[in-house]
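Novice: Everything below, folded, please.
(2 chains)
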Amino acid sequence: MKELMLGNKALARGLWEAGVKFVSSYPGTPSTEITEEAVKFDDIYCEWAPNEKVAMESAFGACLAGRRAFCGQKHVGLNVAADPLFTLSYTGVNAGLVVVVADDAGMHSSQNEQDSRHYAVAAKVPMLEPSDSAEALEFAKLAYEISEQFDTPVLIKMCTRIAHSQSVVETGERVEHSAAYEKNIAKYVMMPGNAKKRHPIVEERTRKLIDYAETTPINRVELASDELGIITSSTCYQYVKEVFGESASVLKLGMINPLPVALIKDFASKVKRLVVVEELDPVIETHVKALGLQVEGSELLPRIDEFSQNVIAQALGKHLTSNSYLLTPNLPARPPVMCAGCPHRGLFYSLKKRKCTVLGDIGCYTLGAVPPLSTIELTLCMGASIGATHGFNKMLGAASEGKTVAVIGDSTFMHSGMTGLANVAYNQSNSTVIILDNSITGMTGHQQNPSTGLNIKGDPAGKIDLESLCRAMGINRVRVVDPYDLAACDVAIKEELAAAEPSVIISRRPCALLKTVKHKPPLRVDADKCIGCKSCMKIGCPAISMKNGKAVVDQTQCVGCYVCSQLCPKKAFVSTAQEA
Amino acid sequence: METKNIIIVGVGGQGSLLASKILGHLLLNEGFDVKVSEVHGMSQRGGSVITYVRFGDKVYSPVVDKGQADFIVSFEILETARWLSYLKAGGQIVTNTQQIDPMPVITGAAEYPSNLVDKIRAEGVKIDAMDCLTLARQAGSQKAVNIVLLGRLSHYFDISEDSWQNSLKANVPAKFLDINRRAFELGKSFT
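Specialist: Numbers count the residues shown, from 1 in each chain, chains lettered A, B, ... in the order given. Below you'll find the predicted structure:
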C-alpha cells in the first residue's frame, strides 16, 4: 500500500519488516520519532535508555543474544556512544545490529553541526545514507542483511530533511529472524591478545565491503549528459535532481562507507566535468581526490549549513528562481521562547536576581540564555554543566562558589549529570547543582526517563528517586523547591550558595505542556491597578505584553502559573476563575 | 504537471502539523507525488516555523526555496511578512490576521510592524487576509484556525469538495468533525 510517511516512521517500519526485536535509544532531534514509531509495533521491545552509550550496549546485548537489534540517536548522541561503537567494529555481531545517527545540518535543534560520516570511516563500519522515506525503509532492511553477511554493526545516516520529511513509501510484511548465542571468547572478549587478531578481520571486511560497494544497486549511475557528472547522496541527491533533472549525469551513493573505487573511476571517465555535491565536510570529495581524479566540490559549495536547490543552482551556475517579493522594513525576529507557564522561568528569574553565574546544559532551559532572562552563560553538551561548575569553582574558589550554579534537567542529569555530581562529591568542590526536574524529557517532545517512574509506553516502571540518589552519592545538602514560588526559590539559592559544602537544589514542577498537568484559569490584568512599571515583563513570558502603557495577558496562552503576579507591586493580576 | 509548492508558516505550537497532514493526505489521494517537510525541536517553542508541502508528477527536493512558493498559508501576519520572499511572482497568500508578539516586541527591543496586510498588498501580492481566530470561534473552536485557512486554500485548487471532506474526516477526531467542517466552509466562502 502507498502511504505518505515521515522518514523516521519509514525507518521504524523498515525495522519492523526486518524482524527487529529490540530497540533502545535516547531521544534527540531529529532521531526521536524512529523509536516512538517502533514502539507502536507490538512485536518489537522498545525502551528509552538513560543515554546513547547504554542504548548501544543494550542493543548489542540483544544482538549477541541472537535477535536483530537497533539503537538510534542524533549526531551528538553518537559521540556518547562512540566508545562501544569502535570496539563493536572488532567484535562484529551475532544477529544484525543497526545504528542510526541523525545529523542536523543547519542546526535546527542542535549545539553543533558535526558530520557523522567521519564515524563510519574512523570506526571502519559500513554506513548507508537514504535520500527519502522509501529508501529509509528499504535501507533499514538492507542494513540488517549487510550486518549479518559481513559480521559488522551498520550505521544508517539520516539528516533533518530525510528524518522529518514525509514522502511516499510502499510497505511490506515482517520477516522473523533469529540466531543462537554461542560462547566465543576470541570474538567477543576484546583484550589485547584477542583484539589484535580481530583487527586484520576488520581490514579484510573493509576490502570485501568495497567490492560490495562497487556493485550494490544502492550505488546507482544515472547517465544523461557527458558534460557534467555529479556524485552525491542523501538529500543532496534530491536537490541535484531538482536543479538538473535529466540534464546532468549522477552517481547516487546509497552506501557512504566504504566508498567504491572502480565505480567512481568509471563514472568520472564518462563525463567532462566532475562535481561532488555533499553537505558539510568533503568526505566523498577527499576520497575522489585520493583516487587521483579531477573533481570540484569545496571550491563551489559552502561547508557550513544545509543545502537547498537554490544553493546548488547558484553554486553550479544554473538559474532556478529569482526572489519575487521583499518587504523592506526590518522585521522583529521570533526566537524560540520558554512556554507560558514553563516551570524553569521562575527559577531563572531568581538566579538572575541574585546575579548568579549559571553554567547550563542541554534542554529547553537553554532558552534561559536569551533576553530578557539572559542568565545562562554556558551550554556545551549533555552533563557539562556540573563538570564545568566543578572545575570553575576549583579554580576560582570563594570568588565563584558563592554565586555559581550548574543547572541541568532531570533527563540530562540521568543521561550524563550523575557522573559529574560524583566528581563534585568525590573531589569536594563547593558547588551548587540545580536539577530542573520537570518530570519529562521536554525539548525532544516529552519522553519518559529513569526519574519519571514511567516507561516508553507510559506504563509504570522503575523510578530513581533524585533526592535519595544525590544523598547516596555523598551530597548532604539536598532540598526541593517549587519554581512557581519565587520567595522559596530565592531562599534556597541564597542558602545553598552560602553553604560551605556541595549542595543540590531540585526545582520540581512538571512541564506545563504535559497533558497530565492541570492548569489554573488564566489571569488578566486589572487595568485600574496596573501602573505600567513592567516588573512583570522581566520574566519574558510570551503571554504578557504591554498595550497602551498597561500589561495585558493573552488569555489563549496563560496557564495561571502566578509567577508574574508575585512580581507585581500593585497586585494587578487577577484570576478569571469567576468570570469563566 | 510541474511541481506546485505550498509553505505553511506560523508560530511554533499553532498547529501547522495538522494542516500539512490533511494536505498530504488529500494530494496523495489525488494521485500526486507528494513531499511534506517540517521542523521539530527547538523552534517549536514559540519560534518562527515553516512547513513545506510539494506535489506534482515527480517531486525531488523536500523543501521550497525563496521565490518558489505558489501559495503561502500563514497562521500569523508577521510570519506572512517574514516568509514573503518565498512567494513566486504571481503567487497567492492565504493568511490569518492574528498578531502574536515575538519576544523582542514583548521586551520592548522592537516594535510590531503596523499595517502589514496593506504593505504586502502594496507590493502587488495577492493576499486573502482573514480574522481566522474569529471565524474559528464562530465554527465552534479557536483551535480550528488551520481548517479555516485550508478552506480558503481549497478555493484555489481544482480538487473536488468530496476529496477535501474525505481528507478532513480521515485526519480530525470524529467528535470535532462538525466544528472543522463549519470552519472549512467559513474559510472557503470568505470574500
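
Novice: any low-confidence regions in chain B?
Specialist: Residues of chain B meeting the criterion pLDDT under 70: B:41-44.

Novice: Pull up the gap between the closest residue to residue A:210 other than its chain neighbours and chain B, please.
Specialist: Leaving aside its sequence neighbours, residue A:210 sits nearest to residue A:258 (Cβ to Cβ, 6 or more residues apart in numbering or on different chains; 4.8 Å). The way it works is simple: take the backbone N, C-alpha and C, and place the C-beta from them, glycine included. Distance of residue A:258 to chain B, given as Cβ to the nearest Cβ, to the nearest Å: 27 Å.

Novice: isn't residue A:258 right up against residue A:208?
Specialist: No: the criterion here is Cβ atoms under 8 Å, and residue A:258 misses it with residue A:208 at 9.6 Å.

Novice: Any buried residues in stretch B:104-120, and which?
Specialist: B:104, B:105, B:106, B:107, B:110, B:112, B:113, B:116, B:117, B:119, B:120 (16 or more other Cβ atoms under 10 Å in any protein chain shown).

Novice: Give the closest residue to the third one in space, chain neighbours not counted.
Specialist: Residue nearest to residue B:106 in three dimensions, not counting chain neighbours: residue A:545, with 5.2 Å by Cβ to Cβ, 6+ apart.

Novice: All the strands of the stretch 1-150 of chain A, residue numbers only.
Specialist: Taking DSSP state E, counting those that start in this stretch as the criterion, the stretch 1-150 of chain A contains strands spanning A:2-6, A:22-25, A:45-48, A:69-74, A:97-103, A:127-128.

Novice: Tell me which of these is the most buried.
Specialist: Most buried of the strands of the stretch 1-150 of chain A by mean neighbour count (mean count of other Cβ atoms under 10 Å in any protein chain shown) is strand A:69-74; its value is a mean of 32.

Novice: Output it in CSV with nothing but the alpha carbons.
Specialist: What follows is strand A:69-74, C-alpha atoms only, in CSV (Å, rounded to 0.1, in the frame of the first residue of the first chain):
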residue,chain,number,x,y,z
ALA,A,69,18.6,-5.1,17.4
PHE,A,70,18.6,-1.3,16.9
CYS,A,71,19.6,1.9,18.6
GLY,A,72,19.0,5.5,17.2
GLN,A,73,20.4,8.8,18.2
LYS,A,74,21.2,12.3,17.0
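
Novice: got a list of contacts for it?
Specialist: Here strand A:69-74 makes contact (Cβ atoms under 8 Å, 6 or more residues apart in numbering or on different chains) with A:11, A:15, A:20-26, A:28-31, A:34-35, A:38, A:49, A:52, A:55-56, A:58-63, A:80-81, A:95-104, A:110.

Novice: Which ones, among the residues you listed, also lie beside chain B?
Specialist: Restricting those to those touching chain B (Cβ under 8 Å from any Cβ of the partner chain) yields A:29, A:30.

Novice: Can you flag the buried ones in the contacts of strand A:69-74?
Specialist: In the contacts of strand A:69-74, burial by neighbour count holds for A:11, A:15, A:20-26, A:28-31, A:34-35, A:38, A:49, A:52, A:55-56, A:58-60, A:62-63, A:80-81, A:95-104, A:110, counting by 16+ other Cβ under 10 Å.

Novice: if I read this right, residue A:504 contacts residue A:478, doesn't it?
Specialist: Yes: taking Cβ under 8 Å as the definition, residue A:504 is a contact partner of residue A:478 at 4.7 Å.
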